[in-house]
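In: Have a look at this prediction, sequence included:
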Amino acid sequence: MRRLLTLLCLTLSLNALASSAVVDKTQMIDKVLVMKSERKLYLQQRGETIKTYRISLGKQPTGAKQREGDLRTPEGFYWIDWRKPSDNYQLSLHISYPNARDLARAKQAGVAPGSMIMIHGTPVDEEYPEWFFHTLDWTEGCIAMKNADIREVWSLVKDGTLIEIRP
């Protein structure tokens, strides 16, 4: 019995140590990388990918956002600059779109660049379950994820984190 108890304590200690090592490693996410063509969001630390998630994009996923209402997801370098719980989409992280380049392009074209680009969850809808949204590009330009995934990203990505969105 004593040997079993010692083994159990050792196992619990090792599990706690391994668990804390994972948490420590992921607490320092310094970049979010979105690869639109892959429908993937990568959480990175010092150039190493720590976690990968499947995402959905705007209804017009090809090409960078040009103007308000074009249903495209932006491309370029931005920041996660604030966050909020969302009644419709679980949790949401705001992307600092438009940047200076986006503003200049929109001004030259004489259009509004758009705003309120977020990384967010999926609607809870009895008629359309989460898996239905997860297989489509359905947003108005945002980046959407499963609700369990956005909860995890919310906890790992701090305000001020760089986000790069590539074609």
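Out: Sure thing, it's come through.

In: Every contact and neighbour count from this point should use C-alpha atoms.
Out: Noted.

In: what about Trp138, neighbour count?
Out: Trp138 has 18 neighbours, counted by other CA atoms under 10 Å.

In: Now it: phi and psi?
Out: Phi and psi for Trp138, reported as degrees, to the nearest 10, are phi -130, psi -10.

In: What pLDDT is listed against the residue nearest the centre of the chain?
Out: Nearest to the mean C-alpha position of the chain, counting by CA atoms, centre = their mean, stands Ile119 at 4.9 Å. Reading off the confidence values, Ile119 has pLDDT 98.

In: Quick one: neighbours of the residue lying closest to it once chain neighbours are set aside, just the number.
Out: Closest residue to Ile119 apart from its sequence neighbours, by CA to CA, 6 or more residues apart in numbering: Ile143 at 4.6 Å. Using other CA under 10 Å, Ile143 is surrounded by 27 other residues.

In: Is it correct that Ile143 is in contact with Pro74?
Out: No: assessed by CA atoms under 8 Å, Ile143 is found out of contact with Pro74, at 9.7 Å.

In: Am I right that the residue nearest to the centre of the chain is in contact with Gly141?
Out: No: the pair Ile119 / Gly141 is not scored as a contact, 9.7 Å apart, by CA under 8 Å.

In: So in this protein, which strand runs the longest?
Out: Criterion DSSP state E: the longest strand present in the chain is strand 76-86.

In: Helices of the protein, residue ranges please.
Out: All helices of the chain, identified by DSSP state H, fall at 2-26, 100-109, 130-134, 147-156.

In: Who are the packing partners of the shortest one?
Out: So that's helix 130-134. The contact analysis (3 or more CA pairs under 8 Å, 6 or more residues apart in numbering; DSSP states H and E) places helix 130-134 against no helix or strand.

In: model confidence over it, on average?
Out: 83.

In: Parallel or antiparallel, list what pairs with the longest strand of the chain.
Out: strand 90-95 (antiparallel), strand 162-166 (antiparallel) (DSSP bridges).
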